[in-house]
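Participant: Turn this into a structure:
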Amino acid sequence: MTARSRWSVAGPQIASHEAASEPLAPEPARSGMITLSTRCPVNRGRGNGSVQFGILAGERRIFPFVVYTNGAVEIPFARMADYEPFADESLREQYRRIINGIEGVNLGPDAVQRRPSISLDVLANQGTLGEFLAAADWALNQG
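Facilitator: Below you'll find the model as predicted:
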């Protein structure tokens, strides 16, 4: 099964979760100073939905990746640059290097100014997925 067909099945589930009445974050996360935020918008214009997970806390806004229903995983460096702590280009560069350590990923130096994507297929095995999630965890723990 390709990434596109896997996400074609998951897309409606993601869309229906947006309208769900239950909170997307557990009670301890919602009641603390740090608000975990999830967004599950569906872009009906192009037919691709997306989901991103991150942290909103004062000036901290860290959303280290976006998964699209077309099988793309975006690293939103350009958007990250607008918020602490990733307004610091050296942190975005460090995140790029960590991600580039994953087999099959090669984001060029200019990526820290853009919103490059990698294929969900690259993350299909446990090893690369684990490395990717460790990179996202590193990003979430900055600042």
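
Participant: going forward, measure contacts between C-alpha atoms and count neighbours the same way
Facilitator: OK.

Participant: Please report phi then psi for residue 53.
Facilitator: Torsion angles at residue 53 (phi, psi; degrees, to the nearest 10) stand at phi -130, psi 140.

Participant: Look up how far residue 103 lies from it.
Facilitator: Residue 53 is 23 Å from residue 103, where distance means Cα to Cα, to the nearest Å.

Participant: lowest-confidence helix or strand of the protein?
Facilitator: The helix or strand of the chain with the poorest confidence is helix 27-31; it has a mean of 39 (mean pLDDT, DSSP states H and E).

Participant: who has more neighbours, residue 53 and residue 103?
Facilitator: residue 53 (18 against 13; other Cα atoms under 10 Å).

Participant: Was I right to think the more buried one contacts residue 63?
Facilitator: Yes: here residue 53 reaches residue 63: they are 5.9 Å apart, a contact under Cα atoms under 8 Å.

Participant: OK, contacts around residue 88?
Facilitator: By Cα atoms under 8 Å, 6 or more residues apart in numbering, the contact list for residue 88 reads residue 81.

Participant: how about 7 Å then?
Facilitator: By Cα atoms under 7 Å, 6 or more residues apart in numbering, the contact set of residue 88 is empty.

Participant: Now the phi/psi pair for it, please.
Facilitator: phi -80, psi 110.
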